[in-house]
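[1] Pasting the sequence and the predicted model now:
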Amino acid sequence: MTTPPIANGKGCGCTQQQVADAIAARDARIQARIAKHPCYSEEAHHHYARMHVAVAPACNIQCNYCNRKYDCANESRPGVVSELLTPEEAARKVLVIAGKIPQLTVVGIAGPGDPLANPKQTFETFARIADQAPDIKLCLSTNGLNLPDYVEKIKQLNIDHVTITINAIDPDIGARIYPWIRWQRKRISGKEGVKILLERQQEGLQALQEADILCKVNSVMIPGINDEHLVEVNHMIREKGAFLHNIMPLISAPEHGTYFGLTGQRGPTPAELKALQDRCAGNMRMMRHCRQCRADAVGLLGEDRSQEFTKEKFMAMPVTYDPEKRRLEQTRIELRQRELAEEKEKVQVRLAHPTPKVLMAVASKGGGLVNQHFGHAKEFLIYEVDGAHVSFVGHRKVAHYCQSGYGEEATLDNIIRTIGDCRAVLCSKIGTCPQEKLRQAGIEPFEDYDVIEVVARRCYTRLLATHPEVTAALVSHGS
Ligand code: CLF
Ligand code: SF4
């Protein structure tokens with residue numbers, strides 16, 4: 001059923017209170033649909049896992065950031081190849097992993113090609129999973145070309161989350177990203193093909209909205225091509241009812257063999273990406289925790305357990321899927337989430353005057369906690385902190401500092417470069433040597449083990465108290 005529009009309270013016969021209640025009820029319904037989806041809910045991604053099954057090899061368009069030897073770069077880290085599965089193998093893999101990882105709540109199909117260019121394999125896989133593991137949410141990612149033809153089927157199978165990758169709404173800009181599409185058994189090059197693709201993407205988005213299916217839009221940010229234009233894309237998708245916008249950085253390297261990799265097209269810097277996300281954030285919900293995962297990804301978004309479940313390994317594992325055990329584990333997580341929410345609420349303060357903003361890098365193994373040794377972190381979560389708020393704004397991957405127990409200078413230098421705009425690094429433990437080097441680079445190491453927001457607040461208070469020059473420098477930079 002389509003979610004009914006909420007009247008504005010003027011002349012519709014509703015009181016302000018009734019309108020407010022209707023909005024609250026609608027928000028609560030949406031919250032319930034996303035609460036355990038690690039991509040649609042930033043909060044959920046600390047606790048719940050997803051997996052992808054690679055059942056869709058073919059693709060019907062060409063993107064300049066893809067060379068088709070690797071997984072679909074619209075929903076995957078470029079340069080990665082997944083092991084192709086049949087629908088039957090995919091369903092078995094889901095049952096095995098759902099038994100081993102009870103916090104696994106979502107199964108997505110995101111490649112290695114386009115799921116809707118392989119409708120038979122995609123829908124057979126979803127039907128098998130829905131039948132054998134009905135407590136798992138189904139999720140689909142597509143370039144959108146075939147989407148309008150399958151919205152009814154998607155609804156029928158109760159696939160409640162669909163991602164469309166939309167990189168442009170202007171065909172001239174689109175033609176710099178897509179050289180051709182395959183449409184009605186013909187290859188159509190240049191602007192003519194791009195026009196069809198962009199129209200079909202928007203038609204599909206509209207149809208999803210009408211069918212009340214939650215839609216996320218992915219956009220690949222390509223500096224000099226569509227970076228400015230993505231603000232217009234953001235406006236369009238909001239108008240057409242997209243729930244979430246995920247602007248991802250182009251990752252291009254010559255060794256990937258893609259057109260952009262070979263022609264030297266660069267990706268955005270973290271600061272450019274954040275600036276664009278901030279510009280669009282006033283307009284709608286932005287996703288900032290995407291890890292551009294692979295078509296056979298398994299686990300929490302920040303971890304990759306796919307190698308534990310290669311075809312050879314999962315085919316030999318017993319199926320231990322037990323819905324009751326999973327329900328109990330997920331109830332335990334929900335209780336923990338409620339406790340965390342209370343802790344976080346305590347550290348959000350209302351202040352009359354603006355205070356300086358600082359970025360902090362957090363080492364976390366998940367659970368919403370600062371709970372990882374600095375030397376073991378393969379990525380840092382980035383939080384923006386001021387006197388009133390602690391907000392998640394992104395993540396940065398690094399090579400971890402402790403390789404076989406020894407810290408490596410070159411790696412530490414890289415880490416310092418990667419988080420060089422942060423004023424502090426929050427971790428459960430850190431050795432004296434990296435502490436010194438971080439301090440020399442103006443990054444304060446802060447050891448603690450607690451809820452991220454709570455530690456960030458403690459660190460902020462300490463920074464301002466012990467580093468008055470930090471406040472002065474930030475204020476003079478106009479933060
Ligand atoms: Fe997979 Fe995509 Fe569904 Fe998530 S991923 S199909 S919505 S279950 Fe998530 Fe991975 Fe980013 Fe995709 S982190 S690449 S947004
Ligand atoms: Fe590659 Fe995906 Fe683009 Fe197809 S839609 S060309 S698989 S990135």
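    Structure received. Numbers count the residues shown, from 1 in each chain. Ligands and ions are numbered 1, 2, ... in the order given.
[2] Which positions in the protein make contact with ligand 2?
    Neighbours of ligand 2 within the chain, by Cβ under 6 Å from any ligand atom: 59, 61-63, 66, 68, 72-74, 113-114, 143. (C-beta placed from N, C-alpha, C; glycine too.)
[3] Among those residues, which are located in helices?
    Counting by DSSP state H, no part of those is found in helices.
[4] neighbours of the residue in the stretch 151-300 of the chain positioned nearest to ligand 1, just the number please.
    The nearest approach of the stretch 151-300 of the chain to ligand 1 comes at Cys290, 3.3 Å away (Cβ to the nearest ligand atom). Number of residues near Cys290 (other Cβ atoms under 10 Å) recorded here: 18.
[5] and if you look at Ala316?
    8.
[6] ok, now how distant is the most centrally placed residue in the chain from Leu273?
    Geometric centre of the chain, nearest residue: Cys290, 2.2 Å, by Cα atoms, centre = their mean. As defined by Cβ to Cβ, to the nearest Å, Cys290 lies at a distance of 11 Å from Leu273.
[7] what do you get for Gln307?
    Plainly put, Gln307 is 28 Å away from Leu273 if you go by Cβ to Cβ.
[8] Please identify which of these two sits among more neighbours.
    Neighbours per residue, other Cβ under 10 Å: of Gln307 and Leu273, the larger number sits with Leu273, 21 against 9.
[9] Which element, helix or strand, includes the more buried one?
    helix 270-281 (DSSP states H and E).
[10] and that helix, how far out from the chain's middle?
    For helix 270-281, the separation from the chain centroid amounts to 15 Å (computed by Cα atoms, centre = their mean, to the nearest Å).
[11] State the mean pLDDT of the very next helix or strand once past that helix.
    Sequence-wise, the next helix or strand downstream of helix 270-281 (DSSP H and E) is strand 298-299. Strand 298-299 carries an average pLDDT of 90.
[12] And stretch 347-358, by the same measure?
    74.
[13] Name all residues that make contact with the residue of the stretch 151-300 of the chain closest to ligand 1.
    39, 218, 246, 248, 301 (Cβ atoms under 8 Å, 6 or more residues apart in numbering).
[14] Give the buried residues for the strand or helix carrying the second one.
    What it means is Asn218. Using DSSP H and E, Asn218 sits within strand 214-221. Within strand 214-221, the residues scored as buried using 16 or more other Cβ atoms under 10 Å are 214-221.
[15] Format these as JSON lines; extra columns: distance to Val347 and pLDDT.
    Shown next, in JSON lines, are the buried residues of strand 214-221 (distance: Cβ to Cβ, whole Å; pLDDT from 0 to 100):
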{"residue": "Leu214", "distance to Val347": "30", "pLDDT": "94"}
{"residue": "Cys215", "distance to Val347": "33", "pLDDT": "95"}
{"residue": "Lys216", "distance to Val347": "29", "pLDDT": "96"}
{"residue": "Val217", "distance to Val347": "32", "pLDDT": "97"}
{"residue": "Asn218", "distance to Val347": "32", "pLDDT": "96"}
{"residue": "Ser219", "distance to Val347": "33", "pLDDT": "97"}
{"residue": "Val220", "distance to Val347": "35", "pLDDT": "96"}
{"residue": "Met221", "distance to Val347": "32", "pLDDT": "97"}
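[16] What is the nearest of those residues to ligand 2?
    Nearest to ligand 2 among those, with distances taken as Cβ to the nearest ligand atom, is Val220, at 8.7 Å.
[17] The closest one reaches Tyr65, doesn't it?
    Yes. If you go by Cβ atoms under 8 Å, Val220 and Tyr65 touch, sitting 6.3 Å apart.
[18] so how many other residues sit close to the closest residue to Phe309 other than its chain neighbours?
    Among residues not flanking Phe309 along the chain, Val298 sits closest, at 5.5 Å (Cβ to Cβ, 6 or more residues apart in numbering). Other residues near Val298 come to 24 when the count uses other Cβ under 10 Å.
[19] With Arg279 instead?
    Neighbours of Arg279 (other Cβ under 10 Å): 15.
[20] so it touches Val233, yeah?
    No. Using Cβ under 8 Å, Arg279 is not in contact with Val233; the gap is 11.9 Å.
[21] which residues of the stretch 51-200 of the chain score low on pLDDT?
    Across the stretch 51-200 of the chain, the ranges flagged by pLDDT under 70 are 70-71, 74-81.
[22] repeat that with 90
    67-83, 111-112 (pLDDT under 90).
[23] ok, now the stretch 251-400 of the chain?
    In the stretch 251-400 of the chain (pLDDT under 90), the answer is 251-257, 270-271, 281-284, 291-297, 300-307, 340-357, 366-367, 378, 386-389, 394-400.
[24] switch to 70 and redo it
    Using pLDDT under 70, the stretch 251-400 of the chain drops low at 349-354, 400.
[25] hang on, the earlier thing: now, of the residues of the chain next to ligand 2, which are buried?
    Buried among the residues of the chain next to ligand 2 (16+ other Cβ under 10 Å): 59, 61-63, 66, 68, 72-74, 113-114, 143.
[26] all helices for the stretch 1-150 of the chain, in order.
    16-34, 87-100, 119-132, 147-156 (DSSP state H, counting those that start in this stretch).
[27] now the third one and helix 87-100, what's the angle there?
    Meaning helix 119-132. 40 degrees (axes from the mean of the first three to the mean of the last three Cα atoms, to 10 degrees).
[28] relative to helix 147-156, how tilted is helix 119-132?
    10 degrees.
[29] what sits up against helix 119-132?
    Residues contacting helix 119-132 (Cβ under 8 Å, 6+ apart): 53, 55-56, 86-88, 90-91, 94-95, 107, 109, 115-116, 136, 138, 140, 146, 150, 153, 157-159, 321.
[30] and with 7 Å instead?
    53, 55-56, 87, 90-91, 94-95, 107, 109, 115-116, 136, 138, 150, 153, 157-159 (Cβ atoms under 7 Å, 6 or more residues apart in numbering).
[31] Pull out the buried positions in that helix.
    Buried, per 16+ other Cβ under 10 Å, within helix 119-132: 121-126, 128-130.
[32] same question, stretch 440-453
    Across stretch 440-453, burial judged by 16+ other Cβ under 10 Å covers 443-448, 450-453.
[33] Put the alpha carbons of it into CSV.
    Presented in CSV, the C-alpha positions along stretch 440-453 are these (Å, rounded to 0.1, in the frame of the first residue of the first chain):
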residue,chain,number,x,y,z
GLN,A,440,53.9,16.0,16.3
ALA,A,441,51.4,16.0,13.5
GLY,A,442,48.8,17.8,15.6
ILE,A,443,46.6,14.8,16.3
GLU,A,444,45.9,14.0,19.9
PRO,A,445,45.8,10.3,20.8
PHE,A,446,43.0,9.5,23.2
GLU,A,447,42.7,6.1,24.9
ASP,A,448,39.3,5.0,26.2
TYR,A,449,36.7,2.2,25.9
ASP,A,450,33.1,3.3,25.7
VAL,A,451,30.3,4.5,23.5
ILE,A,452,31.8,6.5,20.6
GLU,A,453,29.8,9.7,21.3
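[34] per-residue confidence averaged over that stretch?
    Rounded mean pLDDT across stretch 440-453 is 94.
[35] what does that stretch contact?
    Against stretch 440-453 from outside (Cβ under 7 Å, 6+ apart): 340, 343-344, 347, 362, 364, 368-371, 383, 390, 416, 419-420, 422-430, 435, 438, 455, 458-459, 463.
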